[in-house]
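*Asks:* No letters, just coordinates:
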Ligand SMILES: [Fe+2]
């Protein structure tokens, strides 16, 4: 029987899973998903701060759209992190691991509504490019679950780009 004191000493660790994807491939895919998770988490925060601060005639559509985005992206972070765990790897643990890998910056101190939209479009498009590459890698390595997850996320981000562009079309 496991002693209670030992139960408390178990730490997060890699698992050697035998689901038909070689260890090296699982590592490659887990790392790719970690990068996507970092970008997704930073985009949660950016969508939220823009939700709070948008002003002007675009307030209503952008306030509502960013709310949909940060809620959807937050749930996606969970799916992405849990996929990393299912691949036998640890999900990011430190702030540096969760956010540090991200290519997305939140550095505009007083953006206009138009600047917010253009900034969000660039971030969603960047995530699409990263996901397309990772989805392709996952498929090549026989990881159809990650491929499916990333394809679903791509669908969301491409739709987000379309809707954001539609707001500022002239
Ligand atoms: Fe709100």
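*Replies:* Arrived safely, thanks for sending. Note that the coordinates shown come from a computational prediction; the quantities given were computed from them, not determined experimentally.
*Asks:* Find the least confident helix or strand in the protein, judged by mean pLDDT.
*Replies:* In the chain, the helix or strand scored least confidently by mean pLDDT, DSSP states H and E is helix 4-7, which has a mean of 77.
*Asks:* What residues of that one count as buried?
*Replies:* When burial is assessed from 16 or more other Cβ atoms under 10 Å, helix 4-7 yields no buried residues. Every residue, glycine included, has its C-beta placed from N, CA and C.
*Asks:* next SSE after it?
*Replies:* Past helix 4-7, further along toward the C-terminus, the next helix or strand under DSSP states H and E is helix 23-53.
*Asks:* ok, and for that following helix, which residues are buried?
*Replies:* Of the residues in helix 23-53, 25-26, 28-30, 32-51 count as buried by neighbour count, 16+ other Cβ under 10 Å.
*Asks:* Point out where this protein drops to low pLDDT.
*Replies:* Per-residue confidence for the chain (pLDDT under 70) gives these ranges: 1-2, 4.
*Asks:* One more pass at 90, please.
*Replies:* Counting by pLDDT under 90, the ranges of the chain that qualify are 1-17, 97, 99-101, 103, 170.
*Asks:* Point to the residue nearest the middle of it.
*Replies:* Among the residues of the chain, the smallest C-alpha distance to the mean C-alpha position (Cα atoms, centre = their mean) belongs to residue 40, namely 2.6 Å.
*Asks:* That one: what's it in contact with?
*Replies:* With contact set as Cβ atoms under 8 Å, 6 or more residues apart in numbering, residue 40 has these partners: 73, 76, 77, 80, 127, 153.
*Asks:* re the thing from before, I'd like the distance from the least confident helix or strand of the chain to the chain centre, please.
*Replies:* Taking the mean of its C-alpha atoms, helix 4-7 sits 35 Å from the chain's own mean (Cα atoms, centre = their mean, to the nearest Å).
*Asks:* repeat for stretch 38-48
*Replies:* In terms of Cα atoms, centre = their mean, the gap separating the centre of stretch 38-48 from the centre of its chain is 8 Å.
*Asks:* ok, residue 142 touching residue 20?
*Replies:* Yes - look at residue 142 against residue 20 with Cβ atoms under 8 Å: they come within range, at 6.6 Å.
*Asks:* Comparing the two, which shows the higher neighbour count?
*Replies:* With other Cβ atoms under 10 Å as the criterion, residue 142 and residue 20 differ in neighbour count, and residue 142 comes out ahead with 14 against 8.
*Asks:* Find the nearest non-adjacent residue to the more buried one, please.
*Replies:* The shortest distance from residue 142 to any residue that is not its chain neighbour, by Cβ to Cβ, 6 or more residues apart in numbering, is 6.0 Å, and that residue is residue 21.
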